[in-house]
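Asks: Here's a sequence, model it:
(one chain, ligands or ions: 1)
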Amino acid sequence: MLAVDSLSIEAIRRRLTAATVGRQIYLFGQIDSTNARLKTLARGGAREGTVVLAEGQTAGRGRHGRPWFSPSGVNLYASVLFRPALRLKDAGVFSLIAGLGLADAVKDLGVSPSIKWPNDVLVGRKKVGGSLVECAPRGDEIEWAILGVGVNLNVDPAALREALGESGLFATSLSTITGQEIDRNAFAASYLNHLDAWARVFETTGAEPILAAWRQRDILGGRRVEVRGSPGGYEGRVLGIDPSGGLHVRDTLGRAHTVTGEEIRILD
Ligand code: BTN
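Replies: From the prediction side, this is the model:
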């Protein structure tokens with residue numbers, strides 16, 4: 001692994017232009033999971049915009065209950081608390097701002113990212129980051145939402161391969177792509193700034209601009225995919241994202257499905 005600078009709240013703050021995101025930042029060395037830590041803070045009344053960062057995670061969590069490989073000192077592990085005035089049914093669209101913010105931060109490095117539903121950020125066919133969004137429902141509304149992202153910045157691809165096995169072949173890091181060490185503080189600030197901007201867009205204009213921006217970065221539209229669910233799965237073609245953030249897929253028998261949580265594998 002490369003020797004890279006430590007994360008620093010001061011270095012992030014110097015670059016932070018966000019109105020809300022980052023008004024309180026906690027930075028830890030190695031913790032279990034930034035999402036888990038922020039959940040505790042949220043339950044204790046932490047304000048919207050609170051951020052938890054960690055150099056490394058011992059129990060980083062990904063989607064579908066998978067672990068998230070979280071070596072210390074090389075990547076970004078960041079969770080942000082929102083308390084949006086939001087119906088539970090709109091949480092899916094709101095959560096897309098994590099992928100949009102991440103894709104924008106990647107683009108700032110001069111790299112062209114795409115998003116694989118819902119929030120995997122890819123460069124080419126390889127994943128560089130993803131998000132785990134967790135919400136606390138209150139009736140049919142949301143009390144809070146935590147948007148946690150993990151981004152492979154400077155991790156060595158060999159370490160990814162060793163930790164992830166075969167699926168490590170479909171992951172990479174931004175330093176591998178750019179051929180340069182990524183400044184983690186600058187990347188963290190860039191992500192937080194973009195995330196804040198997308199949250200303002202959602203707050204002021206609603207779901208439509210979020211969906212439109214997301215569609216521009218979508219890698220799945222029109223592609224043949226396998227939807228892995230329980231029980232079983234099916235193959236089909238992606239029609240696109242719907243207004244609630246679900247993915248429309250038409251299976252090989254012509255039946256329409258709305259995917260809300262299952263895993264998608266690109267077939268061609
Ligand atoms: C995925 O693609 O499966 C989502 C990965 C999300 C990982 C991040 S790392 C920071 C935050 N804390 C966690 O435990 N998970 C998210």
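Asks: Quick check: the closest residue to Gln24 other than its chain neighbours vs the ligand, distance?
Replies: Leaving aside its sequence neighbours, Gln24 sits nearest to Thr50 (CB to CB, 6 or more residues apart in numbering; 4.5 Å). (Each C-beta comes from the backbone N, C-alpha and C, glycine too.) For Thr50, the distance to the ligand equals 14 Å [CB to the nearest ligand atom, to the nearest Å].
Asks: cool, Gly92 as well?
Replies: 15 Å.
Asks: in this structure, what residue is nearest the ligand?
Replies: The nearest approach of the chain to the ligand comes at Gly130, 2.1 Å away (CB to the nearest ligand atom).
Asks: wait, that residue sits on Leu122?
Replies: No - Gly130 lies out of contact with Leu122 (CB atoms under 8 Å); the separation is 9.6 Å.
Asks: where does Pro137 fall, phi/psi-wise?
Replies: Here is the backbone geometry of Pro137 (degrees, to the nearest 10): phi -70, psi 150.
Asks: ok, the nearest residue to it once chain neighbours are set aside - contacts?
Replies: Closest residue in space to Pro137, ignoring its immediate chain neighbours: Leu88 at 5.3 Å, by CB to CB, 6+ apart. Each residue near Leu88 by CB atoms under 8 Å, 6 or more residues apart in numbering is listed here: 135, 137, 140-142.
Asks: helices and strands around the helix or strand where the residue of the chain closest to the ligand lies, which ones?
Replies: Using DSSP states H and E, Gly130 sits within strand 126-138. Secondary-structure packing of strand 126-138 (3 or more CB pairs under 8 Å, 6 or more residues apart in numbering; DSSP states H and E): helix 34-43, helix 91-107, strand 120-123, strand 141-151.
Asks: Next to the ligand, which bits of the stretch 101-250 of the chain? Give me the list.
Replies: 120, 130-132, 148-150 (CB under 6 Å from any ligand atom).
Asks: Just send the residues you listed back as TSV, with neighbour count and pLDDT too.
Replies: Below are these laid out as TSV (neighbours: other CB atoms under 10 Å; pLDDT from 0 to 100):
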residue	neighbour count	pLDDT
Asp120	22	97
Gly130	24	97
Ser131	26	97
Leu132	23	97
Gly148	27	98
Val149	27	98
Gly150	26	98
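Asks: Closest to Gly65 out of those?
Replies: Leu132 (10.3 Å; CB to CB).
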